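Peer 1: Need coordinates for the following:
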Amino acid sequence: MWRPWASYLAANVPARVNPPGAFTAYSNYGSTLAGHIVALTSGLGYEDYVQRYILDPLAMAHSTAYSPLPASLRPDLAISYTFSQGKHQSVLHTIIHDSPAGSMSATAADMTNFMLTHLQDGRFGEARILAEETTRQMRQRLFSAHPNVNGWAYGFAEMDANGQRIVGHGGDIESFHSLMALLPEQNLGLFISYTGDGNGLEREQLLQAFLDRYFPTDDAPPAPSTTSGHLSERFTGSYRFLRSSYTTFTKPLNLLISIDIDALEDGSIMLSTPLGQWHFAEVEPLVFKRTHTEGFYLVFKLNDRSEVSHVSIVLPSVSLDAEKLPWHQTSGFHLTGGAISLLLLFTALIGWPWAWITARLRSDRVPVAASSRRGVARWLAWIAAMLHLVFIIGLVAVIAPDTLAFINALFIDVPITIKILLALPVIAVALTPIVLLLMLRAWWTGAWSLGERLYYSSITAALLFFAFFLHTWNLLGWRF
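Peer 2: Residues are numbered from 1 along each chain as shown. Presented below is the predicted three-dimensional model:
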């Protein structure tokens, strides 16, 4: 059963990881908290409030904030498809448990009424859902990384382009992508919604094509960069979005989102993400603009030591802040070190039992007794290696088949399989200090052959690194 918002919100208060007012990070928790406040102050459920005070007055008869959809609206639901195994396959509609953060389902015709209401300062026909002053205040800027780039308003993202004032909002669930853009000075709104495997950037491209067609601009391209390639190297590095998990066991999802910036010889820089690569030229100190593209900027921020610490990635329809990572926190370092460690542990998992079996089968050798120090050392390290490998394989088996469904399930409760799996590395890490002491003793006493000591040391190093890996990514213990 879905837990009530009050208990969910109280149990999942985000830790403060950055000073207030310094950066932006889109927050589903914040939207859900706002929806809960609406429910408490109105005495209505959030979905009922939206229906009574927004959808009904605006004649949005084919829209709802309920998730899953009411039976009466299910025939209106668009079917989304993903291309897999050589064919298009339908995707089940995503159920949004934190409703205020994105449960709204609507038709394009209903969204027309919603856009008209904002363009008419809160009025739709004879109905008024917002005061004029309130509606205009919603369109005012609240935060921006730089005065000359887009930022955030009340619930709206700034999308100014081609000399036009534009506010709106985009959203994504599995295989669905939408965007609403309002041009108040032109009394114009544009709503885009489509299904498929796209990365969501297609909607920005369509919006820009629309603006270029109906509001062309003759803006000159940015002046060539005056920053040398040597100076632009300070921007080089790996970055992580601030909209990330910092304190819970979902932090490893950050490993899947790599953001890298590289300096080029001419002073420009290259941004690389899972969605693609883009080239940027400097237009003023610490501000880079994507070449031949409107509204796509990188704005860098410095710390007290005048070192690059953060970057704001300002897309045409959204602004995302990211922090620069030290080398020992980068995905590349951890994925490489983790892979090497697992490979070494796998060799021990297979090699030591094989060596023990072959020794027992050979008549010309007396097998090492299991009770000897060497046997104990090997078996303790083998058990730790086995626990780590079973944990990783089990974690992938639970999450990989449907990562989005797994994340959505966390709003209800952490699956019991995850709770059980998280016990394995705790046991393995508890064994690691014993393995380390046995390794040091072997070197101190000169026990075993040199090759055996070197190999056992490599397995010990793998166990130590993997303990560091688990601690870094909140996988050591039950960090929910």
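
Peer 1: Tell me the helices and strands packed up against the helix or strand hosting Ala467.
Peer 2: Ala467 belongs to helix 450-472 when assigned by DSSP states H and E. Applying 3 or more Cβ pairs under 8 Å, 6 or more residues apart in numbering; DSSP states H and E, one finds that helix 450-472 contacts helix 331-361, helix 373-399, helix 423-445. In short, each C-beta sits where N, CA and C put it, glycine included.

Peer 1: Could you point out which of those sits nearest Phe469?
Peer 2: When the helices and strands packed on helix 450-472 are compared by Cβ to Cβ, helix 331-361 sits nearest Phe469, at 5.1 Å.

Peer 1: from the middle of its chain, how far away would that closest one be?
Peer 2: The chain centre lies 31 Å from the centre of helix 331-361; the measure is Cα atoms, centre = their mean, to the nearest Å.

Peer 1: quick check: angle from that helix to helix 423-445?
Peer 2: With axes from the mean of the first three to the mean of the last three Cα atoms, to 10 degrees defining the directions, helix 331-361 sits at 70 degrees from helix 423-445.

Peer 1: For helix 331-361, which residues meet the burial criterion?
Peer 2: 331, 333-334, 337-338, 341-342, 344-345, 348-349, 352, 356 (16 or more other Cβ atoms under 10 Å).

Peer 1: Pick out the lowest-pLDDT one from these.
Peer 2: When the buried residues of helix 331-361 are sorted by pLDDT, the bottom entry is Trp356 at 78.

Peer 1: Can I get the helix holding Ala467 in PDB, CA atoms only?
Peer 2: Taking Å, rounded to 0.1, in the frame of the first residue of the first chain, the C-alpha atoms of helix 450-472 are listed here in PDB:
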ATOM      1  CA  LEU A 450      56.400 -15.000  -2.600                       C
ATOM      2  CA  GLY A 451      53.800 -15.500  -5.400                       C
ATOM      3  CA  GLU A 452      51.200 -16.600  -2.800                       C
ATOM      4  CA  ARG A 453      51.800 -13.500  -0.700                       C
ATOM      5  CA  LEU A 454      51.600 -11.200  -3.700                       C
ATOM      6  CA  TYR A 455      48.400 -12.800  -4.900                       C
ATOM      7  CA  TYR A 456      46.800 -12.700  -1.400                       C
ATOM      8  CA  SER A 457      47.900  -9.100  -1.100                       C
ATOM      9  CA  SER A 458      46.100  -8.200  -4.300                       C
ATOM     10  CA  ILE A 459      42.900  -9.900  -3.100                       C
ATOM     11  CA  THR A 460      43.200  -8.000   0.200                       C
ATOM     12  CA  ALA A 461      43.600  -4.700  -1.800                       C
ATOM     13  CA  ALA A 462      40.600  -5.600  -3.800                       C
ATOM     14  CA  LEU A 463      38.500  -6.100  -0.600                       C
ATOM     15  CA  LEU A 464      39.800  -2.800   0.800                       C
ATOM     16  CA  PHE A 465      38.900  -0.900  -2.300                       C
ATOM     17  CA  PHE A 466      35.500  -2.500  -2.600                       C
ATOM     18  CA  ALA A 467      34.800  -1.500   1.000                       C
ATOM     19  CA  PHE A 468      35.700   2.100   0.100                       C
ATOM     20  CA  PHE A 469      33.500   1.800  -3.000                       C
ATOM     21  CA  LEU A 470      30.500   0.600  -1.000                       C
ATOM     22  CA  HIS A 471      31.000   3.300   1.600                       C
ATOM     23  CA  THR A 472      31.200   6.000  -1.000                       C
END
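
Peer 1: Looking at the helices and strands packed on helix 450-472, spot the one closest to Glu47.
Peer 2: Nearest to Glu47, of all these, is helix 373-399, at 29.7 Å by Cβ to Cβ.

Peer 1: Distance from the chain centre to that closest one, please.
Peer 2: Worked out by Cα atoms, centre = their mean, helix 373-399 lies 29 Å from the chain centre.

Peer 1: same for it, what does it pack against?
Peer 2: helix 331-361, helix 416-421, helix 423-445, helix 450-472.

Peer 1: and it, which residues are buried?
Peer 2: So for helix 373-399, counting by 16+ other Cβ under 10 Å, buried means 374, 377-378, 380-382, 384-389, 391-392, 394-395, 399.

Peer 1: Repeat that for stretch 132-145.
Peer 2: Within stretch 132-145, the residues scored as buried using 16+ other Cβ under 10 Å are 135, 138-139, 144-145.

Peer 1: same check, this time on stretch 87-99
Peer 2: 91, 93-94, 96-99.

Peer 1: out of those residues, which are inside strands?
Peer 2: Val91 (DSSP state E).

Peer 1: just the buried residues of stretch 87-99 now: which is nearest Ala447?
Peer 2: His97 (57.0 Å).

Peer 1: For Trp5, see how far away that closest one is.
Peer 2: 9 Å (Cβ to Cβ, to the nearest Å).

Peer 1: again, but for Asn254
Peer 2: From Asn254 to Trp5 the distance is 26 Å (Cβ to Cβ).

Peer 1: Ok, Pro415 next?
Peer 2: Pro415 is 21 Å from Trp5, by Cβ to Cβ.
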